[in-house]
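> Got a predicted model here, sequence first, then my questions.
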Amino acid sequence: MRIVYGLIIGLIAAFFELFAAKWFSIKNVAPNLVPAFVLFAAFYGGRRMGLWAGFMAGLILDFYSRYYIGIGIIFYSAVGFTVGHMGNRFIFDSTAGKVLCLFAVNFLQSFILWFSTKPDNILDVFLISIMPRIFYSAVLGGILLYLSLLIVSKFSYIAALFRFIKK
C-alpha cells in the first residue's frame, strides 16, 4: 500500500511542478516544489513511500526536462529513501529541521543540475538564478510541507486515508 501511495504522491508532485509551479513564479524565479512532496511522503510514510514518490516524480520530470534522463529518478529516489530512513531521528522532529532538510535538498539538486549544464559565468548564474530559486523553493516548499503534515495529522477523515501506511 505504501508503494501505491508513494506513486500517487509522486505523480501529483510531478504534475504540480509541470503545470502549477509557473503560477507561483516571482520575477522569473519558479519554485521547485517536488522536494516538498517527496519529503512529505518520506516523513509520513517512511523510506519505502519516499522512495517510490521520488521515483515517480523523477521519472516524469526527467522526460520533460532538458537534463540527462535518470538524474531526477536517482536523486529523488535517494532523497526519499534517505530521509524516510532517517525520518524518526531527533533533528526531524521539529518543523525547523524539516525546512532545513528541504533547503539542503533544494541546494543539492540545484548544484547537480548546475554541474550537468556547465554554465560559462559561474558567479552570475549562482547569484541571479540559483540562490533565489533555492530560497524561494525552501520557503514555499516549507509552508507546503508544514501544511500537508498538519492537515494529515489533525483531520481524522484525511488521516483515515493514510492509516494503512503510518509508520
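Done, it's in.

> Give the helix, strand or coil label for the closest residue to Leu140 other than its chain neighbours.
Nearest residue to Leu140, sequence neighbours excluded (CB to CB, 6 or more residues apart in numbering): Pro31, at 4.7 Å. Every residue, glycine included, has its C-beta placed from N, CA and C. The assignment at Pro31 comes out as coil when based on DSSP: H, G, I helix; E, B strand; the rest coil.

> Pro31: neighbour count?
25 (other CB atoms under 10 Å).

> That one and Trp23 touch, don't they?
No. Counting by CB atoms under 8 Å, Pro31 stays clear of Trp23, with 10.2 Å between them.

> can you tell me how far Leu18 sits from Gly70?
18 Å (CB to CB, to the nearest Å).

> and if you look at Ile3?
20 Å.

> show me where this protein has helices.
All helices of the chain, identified by DSSP state H, fall at 2-19, 34-45, 47-64, 71-85, 95-117, 122-125, 131-154, 156-159.

> List the contacts of the residue nearest the centre of the chain.
Nearest to the mean C-alpha position of the chain, by CA atoms, centre = their mean, lies Pro35 at 0.8 Å. Shown in contact with Pro35 (CB atoms under 8 Å, 6 or more residues apart in numbering): Tyr76, Val79, Leu102, Val105, Asn106, Gln109, Ser137, Gly141.

> pLDDT score for it?
Per-residue confidence (pLDDT) for Pro35: 90.

> just Tyr67 next, same as before
Tyr67 is given a pLDDT of 64.

> Could you do Leu18 as well?
At Leu18, the pLDDT recorded in the model is 85.

> what residue ranges in the chain score low on pLDDT?
Applying pLDDT under 70 to the chain flags residues 66-67, 88-92, 116-129, 155-167.

> on that earlier part again, quick one: the residue nearest to the centre of the chain from Lys154, how far?
23 Å.

> The nearest residue to Phe81 once chain neighbours are set aside and Val83, how far apart?
Closest residue to Phe81 apart from its sequence neighbours, by CB to CB, 6+ apart: Leu51 at 4.3 Å. Using CB to CB, we find Leu51 at a distance of 10 Å from Val83.

> for Gly142, same thing?
From Gly142 to Val83 the distance is 14 Å (CB to CB).

> Compare neighbour counts for these two and give me the winner.
The neighbour comparison of Gly142 against Val83 (other CB under 10 Å) goes to Val83, with 27 against 20.

> what about the closest residue to Leu144 other than its chain neighbours, how many neighbours?
In space, and not counting its chain neighbours, Leu144 is closest to Ala36: 4.6 Å by CB to CB, 6+ apart. By the measure other CB under 10 Å, the count of residues near Ala36 is 29.
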